[in-house]
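A.B. asks: Next comes the sequence, and after it the predicted model I'd like to discuss.
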Amino acid sequence: MTAVDEHTRPGRGSASGIQVIARAAEVLRLLQAAPSGLTQAEVVERIGLAKSTVHRILGALEAEGLVTVAGTRGRYRLGPEIPRMAASVRSAMIVDLRPYLEDLSRRLDETVDLSLLEDHHVVFVDQVIADRRLRAVSAVGAGFPLHCCAPGKALLAALPAAALEHAVPNRLTAETPHTLTARPELHRELNEIRRTGVAFDREEHTLGISAAGVAIRTAAWGTAAISVPTPTQRFAGREQAITDALLQAKERIETDFGAMKPTPTPTPTPTP
């Protein structure tokens, strides 16, 4: 009888390799949630793996530039390869979604924005500008506070509870007299957005500009938002048409690229 090493048993290597990848991904997510970094001991404590296993995973990730060690205490943080990968994913997303933005803009004859959540802001990463004399345009690369614009509120409503609490600042700035500045009021509106799928900005960020937006969640590149800003005088008469077009675009995109598995959302805040 010939002895068989467990590590060479058929199928064993494949299963072991998948487990290692899953553990490495878990470490990366842990570091993503800790911008100031974690020591190896803190990673061991939080992730529940053996010290030797964590040491090997961190060493391999560091060698690939996926994590880096900073400071005298040896705190691990996400490495320089992570933003490079994220930029590649963002570029692919912009290319993939551009035809949908153009189709939506043609259908409504309005500007259409594509945006992402970054820290406490929504950042516009692409835009199709309507050929109108009176139109609403935000610069690509510009960032708006999440609580007072349609794409920002759509993205907030799509977040799981823990991420939502981190994303909403304690102080909600008043950009206009219409801005929601009380957290309970904002949470009530987020409940409504989860119910309908559509977020609105009725002159909450800029006087004279209103907008509607939806969050799109795909397996290909995560969560983004599509929004349609217009001068308020035009928005008032077209709100339903804009809403319907956005929801149809959302359905098409999530069907074509595969909807992301839903994540637990916060328990709805009771409304008075």
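C.D. replies: Perfect, I can see it now. Residues are numbered from 1 along each chain as shown.
A.B. asks: does residue 162 sit in a helix or strand, and which one?
C.D. replies: According to DSSP states H and E, residue 162 maps onto helix 161-167.
A.B. asks: as a whole number, average confidence for that helix?
C.D. replies: Across helix 161-167, the average pLDDT comes to 81.
A.B. asks: in it, what counts as buried?
C.D. replies: Across helix 161-167, burial judged by 16 or more other Cβ atoms under 10 Å covers 164, 167. From N, CA and C alone the C-beta is placed, and that goes for glycine too.
A.B. asks: Show me how far the helix or strand following it is from its chain's centre.
C.D. replies: Per DSSP H and E, the first helix or strand lying C-terminal to helix 161-167 is helix 183-196. Centroid separation for helix 183-196 versus its chain: 18 Å, with Cα atoms, centre = their mean, to the nearest Å.
A.B. asks: which helices and strands does helix 183-196 pack with?
C.D. replies: helix 150-157 (3 or more Cβ pairs under 8 Å, 6 or more residues apart in numbering; DSSP states H and E).
A.B. asks: Let's see that with 10 Å instead.
C.D. replies: If you count contacts as 3 or more Cβ pairs under 10 Å, 6 or more residues apart in numbering; DSSP states H and E, helix 183-196 packs onto helix 150-157, helix 161-167, strand 199-202, strand 209-218.
A.B. asks: For the helix holding residue 162, output the C-alpha coordinates as PDB.
C.D. replies: What follows is helix 161-167, C-alpha atoms only, in PDB (Å, rounded to 0.1, in the frame of the first residue of the first chain):
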ATOM      1  CA  ALA A 161     -26.400  49.000   8.400                       C
ATOM      2  CA  ALA A 162     -22.700  49.200   9.600                       C
ATOM      3  CA  ALA A 163     -21.500  50.900   6.400                       C
ATOM      4  CA  LEU A 164     -24.400  53.400   6.500                       C
ATOM      5  CA  GLU A 165     -23.600  54.600  10.000                       C
ATOM      6  CA  HIS A 166     -20.000  55.100   8.900                       C
ATOM      7  CA  ALA A 167     -21.000  57.000   5.700                       C
END
